[in-house]
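Undergrad: okay, sequence plus prediction incoming.
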Amino acid sequence: MKKKSTFLQSMVAVLWAFLGVRKKSGLQEDVASLSFVHIIIAGVIGAMLFMGVLLLIVKTVVSL
């Protein structure tokens, strides 16, 4: 039986993917258990957070 994962597990998997460090066994577990919809939503949220942090850093540096 396929183990269901939570949205938080999907967010963690996407964050590891953003960093580019992941064990092959962890990747295989994610592929087997994570929901495609959760991954898409987590990826969009992660990208928006990343862009928000970058914009905040740029605004801070430019205002100095």
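TA: Yep, it's here. Residues are numbered from 1 along each chain as shown.
Undergrad: can you pull the contacts of the residue most central in space within the chain?
TA: Geometric centre of the chain, nearest residue: Val14, 2.3 Å, by Cα atoms, centre = their mean. Contact analysis of Val14 by Cβ atoms under 8 Å, 6 or more residues apart in numbering lists Ile39, Ala42, Gly43, Gly46. From N, CA and C alone the C-beta is placed, and that goes for glycine too.
Undergrad: before we move on, what SS does the nearest residue to it once chain neighbours are set aside have?
TA: Using Cβ to Cβ, 6 or more residues apart in numbering and skipping residues adjacent in sequence, the residue nearest Val14 is Ala42, 4.2 Å away. Under DSSP: H, G, I helix; E, B strand; the rest coil, the three-state class of Ala42 is helix.
Undergrad: for Ala13, see how far away Ala42 is.
TA: 7 Å (Cβ to Cβ, to the nearest Å).
Undergrad: mind putting the contacts of Val14 in JSON lines, pLDDT included?
TA: Supplementary listing: the contacts of Val14 in JSON lines, determined by pLDDT from 0 to 100:
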{"residue": "Ile39", "pLDDT": "90"}
{"residue": "Ala42", "pLDDT": "93"}
{"residue": "Gly43", "pLDDT": "92"}
{"residue": "Gly46", "pLDDT": "92"}
